[in-house]
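> fold the following, please.
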Amino acid sequence: LTRGPLSRMVPIEAAAMEDRTVIEWDKDDLDAMGLLKVDVLGLGMLTAIRKALELVSLRRGFEFQMQDIPPEDPDTYAMICRADTVGVFQIESRAQMSMLPRLRPQCFYDLVIEVALVRPGPIQGGMVHPYLNRRQGKEAVTYPSAALEQALGRTLGVPVFQEQVMQVSILAAGFTPGEADGLRRAMAAWKRKGGLEKYYARIVDGMTARGYQKEFAVQIFEQIKGFSEYGFPESHAASFALLVYASCWLKQTEPAAFLAAMLNSQPLGFYSPSQLVQDARRHSVVVRAVDVMFSAWGATLEDLPHTPAVRLGLGLIAGLKRTSAERIVAARAQAPFDSAEDLSRRAQLAQVEMKLLAAADALASLSGHRRQQVWDAAALHAPPLLLRDAPVEEELLELPEAPEGEEIVFDYAALGLSLRRHPMALLRQRLNVMRFQSSQALRELPDGRLVRACGIVTLRQQPGTAKGVVFVSLEDEHGSVQVIVWKSVREQQRQALMNAKLLGVYGTWQREGEVRNLIAQRLVDLTPLLGRLAAPSRDFH
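Numbering: from 1, shown residues only. This next block holds a predicted model:
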């Protein structure tokens, strides 16, 4: 990149993540300095797909590569149309999940359009609703001219990609290819430099002079301004759509391998390991607890080659070092452990490491329930070097098992997830008395019904394109509820909206086909009902 050290050209600082550095300047700074900028996308989903394919190969007994994924699989598209896309690439967000049942992708090119359509550019340019209306047959597909059908035919007359904007400028406004490329550059730089205004007269006058309505010409210019916010080239959208399809096929066809790969590729995506595990279990994937007798560092598949189960890895345990986990695996490979004391001695684990394992319920095969594990771990003081291999004989003390609520608290504190019941399941009886309905009960209610919902807040989002609207996702034991909080409600009830971990919502159920939302009217912070689960240990969502 440079003749000498990069640090002589630009300021470099340590990143938050270990062993990573960042350049302090952003892309606009680099542009102002005249320095070359090349985008190299390091997508976490590429890692997840590679790891999933390795697990699929292990299960099927032969090398299964990305090109072996069958194209245009109907079951995969059916899953996408249901917006059953937790964890997949690009179409897993709330906005995409709302779009999928409306657009209903049926082939690969539909995914290319989907990826490009839910972007600030097309949204601000007013292209989303016209495209959906035409796709759903609510609006006729028309073209201002035969020439523009050539540019817009593949997207039902609505410009979706950057290339189409350039084609329209050439075909309808008389731009040369060089001028169209200048327009593309101006679109990319408009937000920081301006410069699009000089194209207004060129575009509008050029189109009206060729017989197009001025209203249409102004609309095209507004769409160009929208693209300057963030529009996709078609090739970029197609590349992303390939990863969308591959991740969706894996989730649909090989859900256990997909879950294990996602857990082994963290951090990435919108969803925490807890949410990924819960979603997989709702899809009948068997997930087994972290256990020193079976777990590796990462998640693994068991019961191959039949319907596999996912064994959670030791890497989930808060505070446990990878080197310690590797010593456990190496010692276990020589011979199974017969007690916690045997594990501590042969894997050379200090008392603090044994306590971490016990807190995570990872000694269950050796010591039984968690309280017993913690007791056994606490008794294991590091012996002197000469006595390291000497067994210790002590009378067994049996402790009573902890109640389920306490176990769940410790699960989330140690692992960030629980395979026991969802916290909301413990509260369901109290919530029923308060007349809060579960996501399962809400699902089939008709449009316009007044309802109450309650769940753990997993997402708060206020997109720049949403005009002050806040979108909230609530999670319960059956799934999630998407809540729309209008600006007026947000301003009046900001404290409950922004601070609640457990949020109760009174509002109106909105249902359009498979798209369901709760329009909030009143918000209630019910966090105290969670008790110790609300403590700021490791977040329970």
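> list the buried residues of stretch 314-327.
314-317, 320, 324-325, 327 (16 or more other CB atoms under 10 Å). No exception for glycine: its C-beta is placed from N, CA and C like everyone else's.
> and it, how far apart are its ends?
One end of stretch 314-327 sits 12 Å from the other (CA to CA, to the nearest Å).
> please apply the same query to stretch 207-214.
End-to-end span of stretch 207-214 (CA to CA): 8 Å.
> I'd like the buried residues of stretch 314-327 laid out as a markdown table, including secondary structure, pLDDT and distance to Gln495.
A markdown table is the format used below for the buried residues of stretch 314-327 (DSSP: H, G, I helix; E, B strand; the rest coil; pLDDT from 0 to 100; distance: CB to CB, whole Å):
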| residue | secondary structure | pLDDT | distance to Gln495 |
| --- | --- | --- | --- |
| Leu314 | helix | 96 | 40 |
| Gly315 | helix | 95 | 37 |
| Leu316 | helix | 95 | 34 |
| Ile317 | coil | 94 | 35 |
| Leu320 | coil | 93 | 38 |
| Ser324 | helix | 94 | 43 |
| Ala325 | helix | 95 | 42 |
| Arg327 | helix | 94 | 48 |
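> from those residues, which two are the most distant?
Farthest-apart pair in the buried residues of stretch 314-327 is Leu316 and Arg327; separation 17.4 Å (CB to CB).
> and the closest residue to Cys107 other than its chain neighbours, how close does it get to Trp249?
Using CB to CB, 6 or more residues apart in numbering and skipping residues adjacent in sequence, the residue nearest Cys107 is Glu72, 6.0 Å away. According to CB to CB, to the nearest Å, Glu72 and Trp249 sit 10 Å apart.
> so, low pLDDT: which residues of this protein?
Along the chain, segments meeting pLDDT under 70 span 1, 120-122, 124-125, 187-196, 226-231, 380-397, 465-466, 532-541.
> what's the top helix by length along it in contact with?
When the chain is parsed with DSSP state H, its longest helix is helix 234-253. Helix 234-253 is contacted from outside by 43, 45-46, 48-49, 52-53, 56, 66, 69-71, 73, 75-76, 79-80, 85, 87-91, 108, 111-116, 161-164, 232, 257-258, 261, using CB atoms under 8 Å, 6 or more residues apart in numbering.
> out of those residues, which end up buried?
The neighbour-count test (16+ other CB under 10 Å) marks 45-46, 48-49, 52-53, 56, 69, 76, 79-80, 85, 87-91, 111-116, 161-164, 232, 257-258, 261 as buried among the contacts of helix 234-253.
> give me the domain ranges for the protein.
143-231, 286-415, 423-534 (automatic domain parsing).
> just to revisit the earlier point, out of the contacts of helix 234-253, which sit inside strands?
Residues of these located in strands (DSSP state E): none.
> picking up where we left off before, show me what counts as buried in the longest helix of the chain.
Under 16+ other CB under 10 Å, the buried positions of helix 234-253 are 234, 236-253.
> and stretch 132-146, by the same measure?
Buried residues in stretch 132-146 (16+ other CB under 10 Å): 132-135, 144.
> what residues does that stretch touch?
Residues outside stretch 132-146 that contact it (CB under 8 Å, 6+ apart) are 99, 102-104, 130, 149, 152-153, 156-158, 172, 211-213, 216.
> go again using 6 Å as the cut-off
Applying CB atoms under 6 Å, 6 or more residues apart in numbering, the contact partners of stretch 132-146 are 102, 149, 156-157, 212, 216.
> now intersect those residues with the helices, please.
For the contacts of stretch 132-146, membership in helices holds for 102, 149, 216, with DSSP H as the criterion.
> how about the last one, nearest residue that isn't a chain neighbour?
Which is Phe216. Leaving aside its sequence neighbours, Phe216 sits nearest to Pro144 (CB to CB, 6+ apart; 5.6 Å).
> can you confirm that neighbour is in a strand?
No. According to DSSP: H, G, I helix; E, B strand; the rest coil, Pro144 belongs to no strand; its state is coil.
> relative to Gly211, how far out is it?
Separation of Pro144 from Gly211 (CB to CB) stands at 9 Å.
> same thing with Gly479?
Separation of Gly479 from Gly211 (CB to CB): 53 Å.
> those two: which has the busier surroundings?
Taking neighbours as other CB atoms under 10 Å, Gly479 and Gly211 compare with Gly479 leading, 17 against 9.
> and that one, what are its phi and psi?
With angles defined as degrees, to the nearest 10, Gly479 sits at phi 160, psi -140.
> who's in contact with it?
Contacts of Gly479 (CB under 6 Å, 6+ apart): Ser439.
> go again using 10 Å as the cut-off
Contact partners of Gly479, counting by CB atoms under 10 Å, 6 or more residues apart in numbering, are 86, 278-279, 282, 438-440, 442-443, 455.
> partner residues bridging it?
Beta-bridge pairing for Gly479 (DSSP bridges): Asp476.
> any idea how far the longest helix of the chain is from the chain center?
Distance of helix 234-253 from the chain centroid (CA atoms, centre = their mean, to the nearest Å) equals 14 Å.
> same deal with stretch 42-58?
The chain centroid and the centroid of stretch 42-58 are separated by 16 Å, computed with CA atoms, centre = their mean.
> stretch 328-344 too?
Taking the mean of its C-alpha atoms, stretch 328-344 sits 36 Å from the chain's own mean (CA atoms, centre = their mean).
> and for stretch 486-497?
Chain-centre distance of stretch 486-497: 26 Å, with CA atoms, centre = their mean.
> which parts of it are buried?
Across stretch 486-497, burial judged by 16+ other CB under 10 Å covers 489-490, 493, 496-497.
> was I right to think Gly157 contacts Pro130?
Yes. Using CB atoms under 10 Å, Gly157 makes contact with Pro130 at a distance of 7.9 Å.
> gap between Val160 and Ala237?
Distance, Val160 to Ala237, using CB to CB: 8 Å.
> need the overlap of contacts for the two.
Residues touching both Val160 and Ala237 (CB under 10 Å, 6+ apart) are 112-117, 119, 231.
> mind checking which of the buried residues of stretch 132-146 are in helices?
Per DSSP H, helices hold the following members of these: 132-135.
> who are the contact partners of the residue nearest to Lys355 when sequence neighbours are not counted?
Take Lys355 and drop its neighbours on the chain: the residue closest to it by CB to CB, 6+ apart is Ala377, 4.8 Å away. Applying CB under 10 Å, 6+ apart, we find Ala377 in contact with 340-341, 343-344, 349, 351-359, 363, 367.
> and Ala377, that's in a helix?
Yes. Assessed by three-state DSSP, Ala377 belongs to a helix.
> from the contact counts, what lies against the regular element (helix or strand) spanning Lys198?
Per DSSP states H and E, Lys198 falls inside helix 197-209. If contacts are counted by 3 or more CB pairs under 10 Å, 6 or more residues apart in numbering; DSSP states H and E, helix 197-209 sits against helix 162-173, helix 177-193, helix 214-230.
> what angle do it and helix 214-230 make?
150 degrees (axes from the mean of the first three to the mean of the last three CA atoms, to 10 degrees).
> which of the residues in helix 197-209 are buried?
Going by neighbour count (16+ other CB under 10 Å), the buried part of helix 197-209 is 199, 202-204, 206-208.
> what angle do helix 162-173 and it make with each other?
Relative orientation of helix 197-209 versus helix 162-173 (the same axes, to 10 degrees): 50 degrees.
> list the contacts of Asn264.
Contacts of Asn264 (CB under 10 Å, 6+ apart): 47-48, 51-52, 54-55, 296-300, 313, 315.
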